[in-house]
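> With the sequence up front, the predicted model follows.
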Amino acid sequence: MENKQSFIAEARREQIIQACIDTLDELGYTNVSLTKVAKKAKVSTGLISYHFSGKMDLINQTLVHLFNKKLDFISGKVVREETAISQLKAYIEASLAYQVANYKNNIALIEIVFNAKDEEGVPYYKADDDEEDLLNVLLKEILLEGQKKQEFSNEFDVEMICVLIQGAIEESMLKNRASFSLEKYRDDLTRVITKIVM
């Protein structure tokens, strides 16, 4: 019985977080309220308050959810590969594929990171975060392992190439899909990065 209740509670939390993502996508961060999220989720604001301590708790839990979904998707593709170069290609391809398949998630993530503030009033994008982005950790591990196994050159700086790859992936996030070929971009980006690391 307890397992069933925790499953139902988890499903309800997931439903509320998804409603928060949809509300962020449709209305933007400044217009998000528990009332609007409740309306979108078709639940009462009281039920949201049962699962989350307030708007900022919901926003923070949504942010964690967004990061975890992205990490799970990309790392799931990377771990299937055995060589560093195939892992690097899988990382780039999966990152770009995730963006296309989860456009609303991208918007929600941007809305939170660039508009939410911590307790001291510091915007999230400026906050000193002691925890390193786990996607960046994964990418760095691929590059370092490739250098260690001499699959990759030792001529490049791993940190710099991480910035280059992440920047190139994120820059494509909001491109107009009608005039932008993601497949061509993926192929060109993979080719350029491969030339740098080999």
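All right, it came through fine.
> now Gly46: how far from Val122?
Going from Gly46 to Val122 by C-beta to C-beta, to the nearest Å gives 31 Å. For the C-beta atoms, the positions are set from N, CA and C on the backbone; glycine is no exception.
> Comparing those two, which shows the higher neighbour count?
Val122 (12 against 9; other C-beta atoms under 10 Å).
> could you measure that one against Ala116, distance?
Taking C-beta to C-beta as the measure, Val122 falls 10 Å from Ala116.
> And Tyr50, by the same measure?
Looking at Tyr50 against Ala116, where the rule is C-beta to C-beta, the gap reads 22 Å.
> Then Ser172?
According to C-beta to C-beta, Ser172 stands 24 Å off from Ala116.
> Then Asp188?
Separation of Asp188 from Ala116 (C-beta to C-beta): 34 Å.
> Looking at these two, which is more packed in?
Neighbours around Asp188 and Ala116, counted as other C-beta under 10 Å, are more numerous at Ala116. The numbers are 20 against 12.
> Contacts only, for the residue nearest to the more buried one when sequence neighbours are not counted.
The shortest distance from Ala116 to any residue that is not its chain neighbour, by C-beta to C-beta, 6 or more residues apart in numbering, is 4.9 Å, and that residue is Tyr124. Counting by C-beta atoms under 8 Å, 6 or more residues apart in numbering, Tyr124 touches Leu63, Ile112, Val113, Phe114, Ala116, Lys117, Asp118.
> Apply 7 Å and report the result again.
The contact partners of Tyr124, taken as C-beta atoms under 7 Å, 6 or more residues apart in numbering, are Ile112, Val113, Ala116, Asp118.
> Spit out the contact partners of Asp57.
Under the contact definition (C-beta under 7 Å, 6+ apart), no residues are listed for Asp57.
> After the helix or strand it falls within, which helix or strand is next? Please name it.
Counting by DSSP states H and E, the element that carries Asp57 is helix 55-78. Sequence-wise, the next helix or strand downstream of helix 55-78 (DSSP H and E) is helix 84-101.
> Please spell out which residues along that following helix are buried.
Residues of helix 84-101 classed as buried by neighbour count (16 or more other C-beta atoms under 10 Å): 84-85, 87-96, 98-99.
> Kindly report the same for stretch 123-135.
Buried residues in stretch 123-135 (16+ other C-beta under 10 Å): Tyr124, Leu135.
> How about stretch 99-119?
Residues Gln99, Asn102, Asn105, Asn106, Ile107, Ala108, Leu109, Ile110, Glu111, Ile112, Asn115, Ala116 are the ones in stretch 99-119 that count as buried (16+ other C-beta under 10 Å).
> Out of these, which comes closest to Phe73?
Ranking those by separation from Phe73, with C-beta to C-beta as the measure, puts Asn102 on top at 8.1 Å.
> Over to the closest one: give its phi and psi.
As for Asn102, its main-chain torsions (degrees, to the nearest 10) stand at phi -130, psi 50.
> Please name the residues that touch it.
Asn102 neighbours (C-beta under 7 Å, 6+ apart): none.
> List of residues touching stretch 144-162?
Where contact means C-beta under 7 Å, 6+ apart, the residues beyond stretch 144-162 that reach it are Thr83, Ala84, Ile85, Asn136, Leu139, Lys140, Leu143, Ile196, Val197, Met198.
> Right, I'll call it a day here.
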